[in-house]
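**Student:** Got a predicted model here, sequence first, then my questions.
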Amino acid sequence: MDNLPPYFNISPDRAQAELAPPVGADDLRAIARACASGCQDLKSRGLDEAGQRKLRPFSTWEITKYLIPIASAHFRRVLRQNPDLPQGVSETEGGAKWFTLDEVLRLRAHFGQEGSKTKEYLPYRPKGLPAKVVAVANFKGGVGKTSTCAHLAMSAALDGYKVLVVDLDSQGSMSSIFGARIEDEWDTAFPLIARHYAQHLRGENQRRIDRGDPPLPFDDSLSEALNISATDVIKKTHWPNIDLIGAQLNLYWSEFQIPVWRMAARSWKLWDALGDALDEGGVLDEYDLIFLDTPPALGYLTINGLTAADILLVPVGASFMEFDSTGRFFDMLHATFSSIEEGENVAARALGRPEIGFEWDAVQTIITRFDASQQTELASLMQAYMGRTLSPYRQDFTALIGQAGESVNGIYEADYRDFNRDTYARGRATFDETYAGFKRLLYGIWRRDEMQADAAAAE
């Protein structure tokens with residue numbers, strides 16, 4: 001009987017003796033505080049003397065292998081010939097030179113201006129076109145949504161792009177990755193949505209007054225929101241070319257407040273709030289790429305993120321449940337957006353106005369946390385059914401991911417000296433491939449836009 005499963009022969013008396021007292025609301029708070037203290041301990045291990053997150057330096061090996069397409073010997077020769085350029089710092093006498101990302105960006109700009117025109121020192125970005133907005137979404141939890149969004153943002157920053165990350169998930173995981181301290185909902189995207197509603201309500205009330213009708217309520221919070229723009233809630237991060245609109249628990253209140261506003265003013269196009277806010281004040285011109293990390297639910301914040309997006313990326317695991325759930329996610333997207341189109345276009349046709357239609361430059365799913373030894377057959381089946389919608393690049397799960405996560409770092413923030421160099425190279429290769437797939441998609445879209453703009457200008 002010694003080989004019985006562990007759930008046999010459990011003694012009720014012994015189980016009762018091991019049982020903790022019942023749990024009340026105050027106990028939940030104590031658990032939350034214990035978790036917060038532990039997480040703060042982990043976060044503090046990556047802080048500088050001032051208590052701020054600090055991005056690690058990059059070695060000559062990393063720069064010439066991953067960031068700037070140039071041979072190491074030529075890189076060192078150019079530095080010797082140009083003493084005004086960043087020269088890096090050696091941590092030991094005669095050791096490797098290390099550079100901050102700011103210095104890497106300066107070096108990239110130098111090579112972009114002075115180097116070979118046949119090499120891609122600077123990333124492609126058509127002049128005169130706005131930033132591309134990328135929403136990463138799926139209402140299935142655990143698919144690597146936030147991790148994928150964060151690593152794409154970091155990849156783009158290392159590639160030389162200026163990036164804005166918008167955290168729409170009240171859990172605030174993305175904000176934690178970038179070390180942000182978000183005080184309340186007024187430091188999140190909430191006031192941008194509130195401002196959009198306040199602007200609409202102000203116009204609606206003027207029309208009501210003109211008709212002799214009483215105005216709708218306009219409280220102090222809406223008046224305050226009118227004075228807040230996207231630039232007011234954008235925060236710097238420890239990455240020199242990544243900024244953030246953060247999130248915290250109070251942002252969830254938006255899911256209750258937005259429908260209340262919509263009921264008060266049925267003509268308010270709530271789904272346009274975030275996109276219009278990003279369009280105001282030159283935000284789309286200030287950045288190259290804007291990544292939106294959405295909540296794992298198809299609520300009002302997610303709808304705002306999807307409507308604002310030019311590109312929709314959907315992470316999915318190679319399992320039946322995640323494949324099935326993702327299909328339901330797309331079905332719900334269709335139901336939601338087609339319903340909005342139908343409702344709006346009935347009125348548009350009656351008034352002789354242009355009809356609306358939602359459209360994305362591209363929608364692509366990405367297999368994450370992929371285990372080739374167990375999931376290749378299912379991944380191939382998913383590819384067969386989803387076709388070009390599913391990226392051919394599969395993001396492997398490697399030991400490097402787990403180790404980086406333990407120290408509150410993204411893969412690109414991990415110092416390769418903490419690993420075997422070959423292990424590091426293999427670990428980051430899967431994320432490099434994911435970014436390569438995204439970049440190919442981005443380039444195609446931007447080139448299509450550029451050609452359309454040129455054709456329109458020639459007419």
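**Tutor:** Thanks, I have the structure now.

**Student:** Listing request: residues of the protein with sub-threshold pLDDT.
**Tutor:** Low-confidence segments of the chain (pLDDT under 70): 1-2, 39-51, 398-409.

**Student:** ok, longest strand in it?
**Tutor:** If you go by DSSP state E, the chain has its longest strand at strand 362-370.

**Student:** Now V165: which helix or strand?
**Tutor:** Assessed by DSSP states H and E, V165 sits inside strand 163-167.

**Student:** Can you name every helix or strand that the following helix or strand past that strand contacts?
**Tutor:** The C-terminal neighbour of strand 163-167 among helices and strands, as given by DSSP H and E, is helix 173-177. On a contact count with 3 or more CB pairs under 8 Å, 6 or more residues apart in numbering; DSSP states H and E, helix 173-177 meets helix 145-158, strand 163-167. In this view, the C-beta of every residue, glycine as well, is placed from N, C-alpha and C.

**Student:** downstream neighbour of helix 173-177 in the secondary structure list?
**Tutor:** Beyond helix 173-177 in the direction of the C-terminus, DSSP H and E gives the next helix or strand as helix 190-211.

**Student:** For that following helix, buried residues please.
**Tutor:** Neighbour-count burial for helix 190-211, counted by 16 or more other CB atoms under 10 Å, picks out 190-201, 204-205.

**Student:** In the sheet, which residues pair with the closest residue to V134 other than its chain neighbours? Tell me.
**Tutor:** Spatial nearest neighbour of V134, chain neighbours left out: I311 (4.6 Å); criterion: CB to CB, 6 or more residues apart in numbering. Note on I311: beta-bridge partners by DSSP bridges are V134, A362.

**Student:** Strands of the protein, residue ranges please.
**Tutor:** According to DSSP E, the chain carries its strands in the segments 58-59, 89-90, 97-99, 132-136, 163-167, 235-236, 242-245, 289-293, 311-317, 362-370, 390-396.

**Student:** contact partners of the fifth one?
**Tutor:** Pointing back at strand 163-167 there. Residues from elsewhere that reach strand 163-167 (CB atoms under 8 Å, 6 or more residues apart in numbering): 131, 149-150, 153, 156-157, 173-175, 178, 188-189, 234, 237, 239, 241-247, 274, 283, 286-293, 305.

**Student:** The first one now?
**Tutor:** Contacts of strand 58-59 with the rest of the structure, by CB under 8 Å, 6+ apart, involve L67, A96, K97, W98, F99, T100, L101, V104, Y416.

**Student:** hmm, back to that, so which of the helices and strands packed on helix 173-177 is nearest K439?
**Tutor:** K439 lies closest to helix 145-158 among the helices and strands packed on helix 173-177, at 8.1 Å (CB to CB).

**Student:** Show me what that closest one is packed up against.
**Tutor:** Judged by 3+ CB pairs under 8 Å, 6+ apart, helix 145-158 is in contact with strand 132-136, strand 163-167, helix 173-177, strand 242-245, strand 289-293, strand 311-317, strand 362-370, helix 421-458.
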